[in-house]
Structure formats: C-alpha cells, structure tokens
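> Could you work out the structure for the sequence below:
(one chain, ligands or ions: 2)
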Amino acid sequence: MKKTFRGGTHPPEFKLTAGFASQKLPLPEIVHIPVTQHIGAPGRVIVAKGDEVKVGQPLTEPGGFVSAPAHASIAGTVKAVGNYANPLGKEMATVTIEGNGSDDWFEGIEEDPDWQSVDADEIRARVKNAGLAGMGGAAFPTHVKLAPPPEKPIDTVIINGAECEPFLTSDHRLMLERPEDILEGARLVARAVGARQVFVGIEDNKPDAWEALKQAVGEKNDIQVEMLPVKYPQGAEKQLINALTGREVPPPPGLPMDVGCLVQNVGSCVAIYEAVRYRRPLIERTVTVSGGGIKQPKNVIARIGTPFARLIEAAGGYEDDAAKLLMGGPMMGMSQWTDIVPVIKGTSGIVVLGKAEASLAEENPCIGCGRCVSVCPVFLLPTNIARLSQLEMFDEAEELGVVECIECGSCTYVCPSKRNLVQHIRFGKTTVLANRRKQAQKQSA
Ligand code: SF4
Ligand code: SF4
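Ligands and ions are numbered 1, 2, ... in the order given. Alright, predicted model coming up:
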C-alpha cells in the first residue's frame, strides 16, 4: 500500500499542461522586482534610478540573517525604485528595470569546477548569495532552512514533487526535464545539514516523473523515490513528512526540524544546484499558465519580475469568459486584482478560471454533515472554528486550534452548503497571530 497521510480530499486535477514541455519566454522589455520576496527582514536597496545593471547583479543586500537578496533578472537601466503592485496583495517596494535587449551577465557568475567538494558553510553562503527562497510558495529563505540549530539535527531530507494543486504542472515538467539537477540539489541539501537519508515524494498521477527520477538515481541508489497516492494536500510539508516517514510535526510553533526533517521543493533543488555549481542567482523559474480562462495553457520559463500579462499573452491570452486571476492553484492560490503584477520567486502558477469554474455559489447554513471534519488533514473542527471566527470569538477559536490550520481549503471544497470556511478561519488565524505578536511586543517592552 502506498504511503499517505490521514484526511485530505480529491479535487479534480485539471493537469491540462502536463504534456507540454516548458518554453523559455523571450527576454521581457521591463521587469518589476520586489525588494522582498521572502518571509523575514526586508532587503536594503543598493541601486538607484538611472543605474545600469547586468543579469544577476544584486539589487539589495539582506536586511538580516532571515533575509535574502534580490537580483536583476535582465540587463538594462533602473527606471524606478518605489512601490509597485505585488501578487502578495498590496503595493510593495520594487526595483523596475527597463531592458537593453542584451543578456549580459554580472561578473563572477561562473562555474566552480570543484563544486562537488564545497563544504556545508560554503553551500549555505552560495545559496544565500543567490537569494534563494522556497519556490513551492512558502518563500522562507533557503539558507536559513539549511542552518538548523545544533539541538535540532536533521537526519532526513524530503524533496517535494507532490504538486497536488489542481492545474499546476511546473514541478512535473521540471522532474521530467531536469531530474539529474534536482538530485544534485537534493544531495547538496543533505550535505549541508548532514542528513543520512533523502526521499523524493511524487503523486502517482506522474508516473513518468517517478520513472525519470528513479532512472537518474540509477545504481547510486542514495535517494529513495517514492510514489504517493493522489490526495490533496499531499504537498503540504507536515502531510508529506507524515506520509513518507510516519513522523508527526508538532502543532505551531512546531517545525519539521522538530522531527529531524527538512523539506525542499523540486524547483528549489534545481536553484540550489545552480547556486552552488555556477554561483547563479535565482533570476528565472518555471510557471504554469493554465485554467479555463486561458486560450493555450502551457508551462513557461520566465524571468523573475516579468508581468503576469506577458505570460498570459504567451499562452494565447484570455478566453472571453475569463473571470478570476490567481497566483497559484484554485485551492491555495491568491486572487489578483490586476495582471500587471510580476512573477516572484514563489510563483509556481498563474491560473485564470472561466466563469463556470469561478462561480461562487451562495453560502447556505451548515447542515452538520461532518464532511469538513473528515477531510481536515490537521484534525480540526472547521465548521466550529469558522463560526467562532465569524463571531469574532478569537480566544475560543484559538482554543480549538485556529493557528494550526494550514489553509489548504479542503473543508471549503467538500462543504455541500458552500460555506467559505477557509476564508473565515484565515481571518481568525490572522487575528490570533496578530494578537500574539502584540502581546509579545508588550512583554518585551
Ligand atoms: S480547517 Fe484549515 S487545515 Fe483543516 S481542511 Fe480547512 S483549511 Fe485545511
Ligand atoms: S461540510 Fe459544511 S455543511 Fe458539512 S458540517 Fe462542515 S460546514 Fe457544515
């Protein structure tokens, strides 16, 4: 029997682009590069309007240990440093570069012939200099994940190739197109943290990716490539760890390192490999452009900072009934109000839903069927927590574990009364976390 976790659901997969090889987009004329694309301290901008920059040139320096630099993704002139629309929901500090049509790279970005023998500190240093942040969506600076405290040793590295969100296939294509590079990245991660075992977890709707990685491991036999049943949210960190190792990550603030695990997405592995071998910063990524509202869904390789509109245009443009633009998939993606927002390090997909897919049925009263409870992968009572959050009874919602919600949307998906459970729970969770931060600030003042 294949390994999996308890709970979860099966939304339709809609993997329309799985069979399409990734296409490299032509260089964009303009990019908008957000100064901060990760969780943690914002970077400090080190360029000014009018400066000439090359590809891979640092635009910021990290604002602390939990911070990562941003780099120019095209060569050209800095046109503006200021606030600009951001797919994370509001305007944010951004460096805008107008391209000069060349693809001139910044000096010093070149292959290290001895890359196989770099030590753990050097791996972390190169990963930090390359500005890597989780490419599966969480956007935690990668060098921080590679530096666990001594009291939390990591024995197991897990490479996340689950890609359980409907529509998204960018990780699937990467596993088919660059399996060796993913594995080299995984080995570097294991070396950096001193792990003794490495797993790759792939859902069984991608047997070709499983095969490609198995073949790439070959006789070395140092990495276990596991097939997991298709189930949402198989790609969530805690659920993946549980499926592959049987270990249970404790509730927040518990982390994978508490059970000796570290999870990296397949895209992050390729970026780590490039950072260590070629000293190459993260300036592009694979993005799925899909959904019923897109004329020719496809996977593209786009420079960071390229406006969504450019990718949508490359995918044939909008269908007439395009109704809802998302960064990410329909379960956990973020709604967008404009397509001028740029691709960031965590943009795995751009999904445009057609009217039929996007139509939100009216909320009806709860009928107490319990389906939301049966699918919740962290064993919460979604209906109760959502109701308490709606009533602004935050202490009671906290007692029921509102902060443990991973916002996977499974409860909302299965609810026959179309209750917007995850939206209400997210409101409660955000409020409780904000209250906790205020409390901590008061205590430390
Ligand atoms: S309560 Fe949270 S974790 Fe549980 S199913 Fe709903 S969104 Fe997912
Ligand atoms: S799935 Fe919907 S109707 Fe059923 S118990 Fe949960 S909230 Fe109520």
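> neighbours around the residue in the stretch 251-400 of the chain positioned nearest to ligand 1, how many?
Distances between the stretch 251-400 of the chain and ligand 1 by Cβ to the nearest ligand atom are smallest at Cys376, namely 3.4 Å. For the C-beta atoms, the positions are set from N, CA and C on the backbone; glycine is no exception. Cys376: 25 surrounding residues under other Cβ atoms under 10 Å.
> just the one 3 residues further on next, same as before
A count of neighbours around Phe379, defined by other Cβ under 10 Å, yields 11.
> And Met92, its phi and psi?
Backbone torsions for Met92, taken as degrees, to the nearest 10, come to phi -140, psi 160.
> What parts of the stretch 251-400 of the chain come near ligand 2?
Within the stretch 251-400 of the chain, the positions near ligand 2 by Cβ under 6 Å from any ligand atom are Cys366, Ile367, Gly368, Cys369, Gly370, Arg371, Cys372, Thr383.
> Out of those, flag the one nearest to Asp258.
Cys372 (27.4 Å; Cβ to Cβ).
> For that closest one, which residues are in contact?
Contact analysis of Cys372 by Cβ atoms under 8 Å, 6 or more residues apart in numbering lists Pro382, Thr383, Ser410, Cys411, Thr412, Val414, Cys415, Arg419, Leu421.
> Next up, identify which helix or strand the fourth one is on.
Spelled out, that is Cys411. Cys411 is located in helix 410-414, with elements delineated by DSSP states H and E.
> For that helix, name the packing helices and strands.
helix 371-375, helix 382-390, helix 421-444 (3 or more Cβ pairs under 8 Å, 6 or more residues apart in numbering; DSSP states H and E).
> Mind telling me which of those helices the model trusts least?
In terms of mean pLDDT, the lowest-scoring of the helices and strands packed on helix 410-414 is helix 421-444 (a mean of 91).
> That one: which residues count as buried?
Leu421, Val422, His424, Ile425, Arg426, Phe427, Gly428, Lys429, Thr431, Val432 (16 or more other Cβ atoms under 10 Å).
> Export the residues you listed to JSON lines and append columns for distance to ligand 2.
Shown next, in JSON lines, are these (distance: Cβ to the nearest ligand atom, whole Å):
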{"residue": "Leu421", "distance to ligand 2": "6"}
{"residue": "Val422", "distance to ligand 2": "11"}
{"residue": "His424", "distance to ligand 2": "10"}
{"residue": "Ile425", "distance to ligand 2": "11"}
{"residue": "Arg426", "distance to ligand 2": "15"}
{"residue": "Phe427", "distance to ligand 2": "16"}
{"residue": "Gly428", "distance to ligand 2": "15"}
{"residue": "Lys429", "distance to ligand 2": "17"}
{"residue": "Thr431", "distance to ligand 2": "20"}
{"residue": "Val432", "distance to ligand 2": "20"}
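> Among the residues you listed, which one sits closest to Arg303?
Out of the buried residues of helix 421-444, the member with the shortest distance to Arg303 (by Cβ to Cβ) is Arg426, at 31.2 Å.
> contacting residues around that closest one?
Applying Cβ under 8 Å, 6+ apart, the residues near Arg426 are Cys405, Glu407.
> Can you pull the phi/psi pair for Leu174?
Per degrees, to the nearest 10, the backbone of Leu174 is at phi -60, psi -40.
> about what we covered before: and the residue of the stretch 251-400 of the chain closest to ligand 1, how far from Thr9?
As judged by Cβ to Cβ, to the nearest Å, Cys376 and Thr9 stand 10 Å apart.
> Quickly list what's touching both of the two.
Joint contacts of Cys376 and Thr9 (Cβ under 8 Å, 6+ apart) are Ser410.
> Next up, phi/psi of the closest residue in space to Arg419 that isn't next to it in sequence, please.
Of all residues not flanking Arg419 in the chain, Glu363 sits nearest, at 5.4 Å (Cβ to Cβ, 6 or more residues apart in numbering). The phi/psi pair for Glu363 (degrees, to the nearest 10) reads phi -70, psi 130.
> Count the residues that sit near Glu363.
Glu363 has 13 nearby residues by other Cβ under 10 Å.
> so who does it touch?
Per Cβ under 8 Å, 6+ apart, neighbours of Glu363: Ser417, Lys418, Arg419, Asn420.
> now with 10 Å?
Cys415, Ser417, Lys418, Arg419, Asn420, Leu421, His424 (Cβ atoms under 10 Å, 6 or more residues apart in numbering).
> Could you list which of those also contact ligand 1?
Leu421.
> Now do the SS call for Thr288.
strand (DSSP: H, G, I helix; E, B strand; the rest coil).
> ugh, wrong one, Ala93
strand.
> Regarding stretch 11-30, how distant is the last residue from the first?
37 Å (Cα to Cα, to the nearest Å).
> So is it next to ligand 1?
No. On the criterion Cβ under 6 Å from any ligand atom, stretch 11-30 is out of touch with ligand 1, staying 12.1 Å away.
> What backbone torsions are found at Arg178?
phi -140, psi 50.
> Not counting its neighbours along the chain, what's nearest it?
Nearest to Arg178 is Val270, by Cβ to Cβ, 6+ apart, at 5.6 Å.
> Please apply the same query to His38.
Nearest one to His38, counting by Cβ to Cβ, 6+ apart, is Ala133 at 3.7 Å.
> give me every residue that touches the one you found.
36-40, 67-68, 70, 139-145, 268, 271, 282, 344-346.
> Need the pLDDT of it.
Looking at Ala133, the pLDDT reads 86.
> And the helix or strand bottoming out on mean pLDDT in the chain, what's buried?
Sorted by mean pLDDT, DSSP states H and E, the helices and strands of the chain end with helix 355-358, the least confident at a mean of 81. Buried residues in helix 355-358, counting neighbours by 16+ other Cβ under 10 Å, are found at Glu357, Ala358.
> What is that helix packed up against?
strand 322-327 (3 or more Cβ pairs under 10 Å, 6 or more residues apart in numbering; DSSP states H and E).
> got the CA positions of the strand it packs on in CSV?
What follows is strand 322-327, C-alpha atoms only, in CSV (Å, rounded to 0.1, in the frame of the first residue of the first chain):
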residue,chain,number,x,y,z
ALA,A,322,-12.1,34.6,-18.1
ALA,A,323,-13.4,35.5,-14.7
LYS,A,324,-10.8,35.1,-11.9
LEU,A,325,-7.0,35.5,-11.9
LEU,A,326,-5.0,33.6,-9.3
MET,A,327,-1.3,33.2,-8.4
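> next one: it to chain centre, how far?
18 Å (Cα atoms, centre = their mean, to the nearest Å).
> what's downstream of that strand, the next helix or strand?
strand 334-335.
> Just checking: what are the partner strands of that next one?
Strand 334-335 sits in its sheet next to strand 322-327 (antiparallel), going by DSSP bridges.
> Report the mean per-residue pLDDT for the strand it pairs with.
pLDDT averaged over strand 322-327 gives 95.
> Name the residues of it that are buried.
Ala322, Ala323, Lys324, Leu325, Leu326, Met327.
> Distance to Asn299 added to the residues you listed, as TSV?
Output for the buried residues of strand 322-327, formatted as TSV (distance: Cβ to Cβ, whole Å):
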residue	distance to Asn299
Ala322	19
Ala323	22
Lys324	20
Leu325	18
Leu326	16
Met327	15
